[in-house]
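Chemist: Need coordinates for the following:
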Amino acid sequence: MGKLSPTTFFLLLVLFYASDTLKIKLVAGQTCSEIIGECLYCESKCNKRHPGSTFNCEFSKGSSFPSCVCSFKCKRQCNGGTDGQCSANCGPECCNKNCAAKYNTGSGYCDNSVGVSLCKCVYACS
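Modeler: Down below sits the predicted model:
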C-alpha cells in the first residue's frame, strides 16, 4: 500500500475537523447523526430532514435541555461555501435555516476559525 500524498492527508484532516464542527458524526456502518435542535417534535423533524431516520433525545455538554439527535445513512457532503457572517442578529440557528433554504438537504454552521464568524453551508451531493 502506498503513502498518502500531503494533499490527501490534509483533506482527510480537514474532513475530520469539519465533522466535529458540523455536529455531523460518522459512526461505524456508515451511519451519521446530526443534532437538529430541541426535542420538541423530534421524530417529525428527523423524518422531514432525513427520511427513514431514527431519533433520540440526548443531553449535550453544558446544556440543561435535551437535543434532538437524528441517525441516518450517510451521504457525501459538499461545501457550499460561505453564506455571510454569523452575528448577534443571525447566529447558528439562523445560519442553519439560511443554508437549508439555499441547498437541498443543506445545513449551516458558524465557523470562526479565521477570526471572523462565517456562516458555512454543507449539503448532500452525489
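
Chemist: show me where this protein has helices.
Modeler: Along the chain, counting by DSSP state H, helices occupy 6-21, 42-49, 92-102.

Chemist: for the record, mean pLDDT for the first one?
Modeler: Pointing back at helix 6-21 there. Mean pLDDT, computed over helix 6-21, is 45.

Chemist: cool, and stretch 62-77?
Modeler: Averaging pLDDT along stretch 62-77 yields 85.

Chemist: contacting residues around it?
Modeler: 22, 24, 26, 30-40, 42, 45-46, 49-50, 52-60, 105, 122-126 (CB atoms under 8 Å, 6 or more residues apart in numbering). Bear in mind the C-beta positions are built from the backbone N, C-alpha and C, glycine included.

Chemist: Give me the buried subset of those residues.
Modeler: Listed as buried from the contacts of stretch 62-77 are 22, 24, 32-34, 36, 39, 42, 45-46, 49-50, 53, 55, 122-123; burial here means 16 or more other CB atoms under 10 Å.

Chemist: Among those, which one sits closest to Gly80?
Modeler: Taking CB to CB as the measure, Gly80 lies nearest Tyr123 of the buried ones among the contacts of stretch 62-77, at 5.7 Å.

Chemist: so who does Lys102 touch?
Modeler: By CB under 8 Å, 6+ apart, Lys102 lies in contact with 80, 83, 121.

Chemist: you'd agree the second one is up against Asn98?
Modeler: Yes: the pair Asp83 / Asn98 is scored as a contact, 5.3 Å apart, by CB atoms under 8 Å.

Chemist: Quick check: neighbours shared by the two?
Modeler: 108, 119, 121.

Chemist: Out of these, give me the one that has the most neighbours.
Modeler: Gly108 (30 neighbours; other CB atoms under 10 Å).
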